[in-house]
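K.L.:
return a 3D structure for these sequence lines:
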Amino acid sequence: MAEALPLFPNGGWDVHHHIFEPARFSYAPDRHLTPPPATIQNYIDFKRKLGLTHSVLTHGLSYGADCSSLTTFTSDLGHSTRAIGVIDPDTTTPSQLQRLQSSGIRGIRVNLYRYGAMHDVSLQKTALREHARALGPHGAGWSMAFTHTHPEFWHELTPVIEREIVPMGIKLVTDHFALLKGASMLSGGGGEVSSQEGFREILDLVRASQLYVKISAPYRVSSQAPDYADLKPLVRAFFDANPRQVLWGSDWPHTPLMKVRTHEEAMKETPFLEVDDLAWLKSLRSWLSAREWHMLMVTNPQGLYDW
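P.N.:
So this is what the prediction gives:
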């Protein structure tokens, strides 16, 4: 039997993963989630198993806006890693941003939990504006990522993005399929993915090169594990709109679904999800041409994260 070809003959980027080492760095007291440990060595083993060559470490919101853990973890992971930080826009200074950049950080993520904005579009607009303002001159070339659970909000977010965020040179990124759902998670389990609220606005932003979408954490938007076949229409829609604006991330170590937790729930350790990453990657690869796969896994992240 012929040996299977490697998934990443030209290298592969994982643009969304976390490290949690609470024994070295304590979690923030006002965190929204308490994850178990997921160490540097655990991730190196995961990366080697899949054949990945580069990664973008995303600051876990459980650490709040203190990036001490992030800069240490980024250094520990070595030269093949970039990082995305979390800041407090009220207190972050240009010199602090410069130090983060010197540590391999190439962008920020917006913590909507801090604003109580998970279900409030007005507060989400405030969060985006304040983080963009805090970036200042660093906005030109840096990325700004955010995750939220309401695709229907994009109708109101789009004017802010087009008129205020994009002109600053900020590269806006949204995580996890923009939380658009596969057919298995739509009402009745068989709806048209293109008819869901937010689909048109998101695709318009992608088409105009004003938004990157991470096709990450498929278990957040589909119940068809391990291959997530119902996500093919979404993946094809993103690529057909603009193949230069699509990224892949594992979301390792696979934290649970986003929700607003009580303080008691947030303080209790919550286990990670069990995910067959290899099966998902093989499924995803079968939907793309060799050129599209190379853009997704190599050239798009290289360009966005200043490699």
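K.L.:
going by C-alpha atoms from here, please, whenever you check contacts or count neighbours.
P.N.:
OK.
K.L.:
need the longest helix for the chain.
P.N.:
helix 121-135 (DSSP state H).
K.L.:
which parts of it are buried?
P.N.:
Val121, Gln124, Lys125, Ala127, Leu128, Arg129, His131, Ala132, Arg133, Ala134, Leu135 (16 or more other CA atoms under 10 Å).
K.L.:
tell me the two of those that are most distant?
P.N.:
Val121 and Leu135 (21.3 Å; CA to CA).
K.L.:
Ser223 - nearest residue in space that isn't next to it in sequence?
P.N.:
Ser184 (5.9 Å; CA to CA, 6 or more residues apart in numbering).
K.L.:
ok, now which ones touch the one you found?
P.N.:
Remark: with contacts taken as CA atoms under 8 Å, 6 or more residues apart in numbering, Ser184 is in contact with Gly190, Ser222, Ser223, Gln224, Asp230.
K.L.:
and the third one, how many residues sit next to it?
P.N.:
Spelled out, it's Ser223. 19 (other CA atoms under 10 Å).
K.L.:
so it, which of the three states?
P.N.:
coil (DSSP: H, G, I helix; E, B strand; the rest coil).
K.L.:
that one contacts Ala183, doesn't it?
P.N.:
No - contact between Ser223 and Ala183 fails when scored by CA atoms under 8 Å: they sit 9.0 Å apart.
K.L.:
and the strands in the stretch 151-300 of the chain?
P.N.:
171-174, 212-214, 246-247 (DSSP state E, counting those that start in this stretch).
K.L.:
could you export those as JSON lines, including mean neighbour count?
P.N.:
Output for these, formatted as JSON lines (neighbours: other CA atoms under 10 Å):
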{"stretch": "strand 171-174", "mean neighbour count": "22"}
{"stretch": "strand 212-214", "mean neighbour count": "26"}
{"stretch": "strand 246-247", "mean neighbour count": "26"}
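K.L.:
roughly how far does Leu172 sit from Leu205?
P.N.:
Leu172 sits at a distance of 10 Å from Leu205 (criterion: CA to CA, to the nearest Å).
K.L.:
I meant to write Arg48 there.
P.N.:
As judged by CA to CA, Arg48 and Leu205 stand 34 Å apart.
K.L.:
same drill for those two, tell me which one is more crowded.
P.N.:
Each of Arg48 and Leu205 has its neighbours counted (other CA under 10 Å); Leu205 has more, 21 against 10.
K.L.:
that older thread, overlap in contacts, Leu172 and Leu205.
P.N.:
Residues touching both Leu172 and Leu205 (CA under 8 Å, 6+ apart) are Leu211.
K.L.:
now the residue most central in space within the chain. Nearest residue, chain neighbours left out?
P.N.:
By CA atoms, centre = their mean, the chain has its centre lying nearest to Asp175, at 3.8 Å. For Asp175, ignoring the flanking residues on the chain, the nearest one in space by CA to CA, 6+ apart is Lys214 at 4.9 Å.
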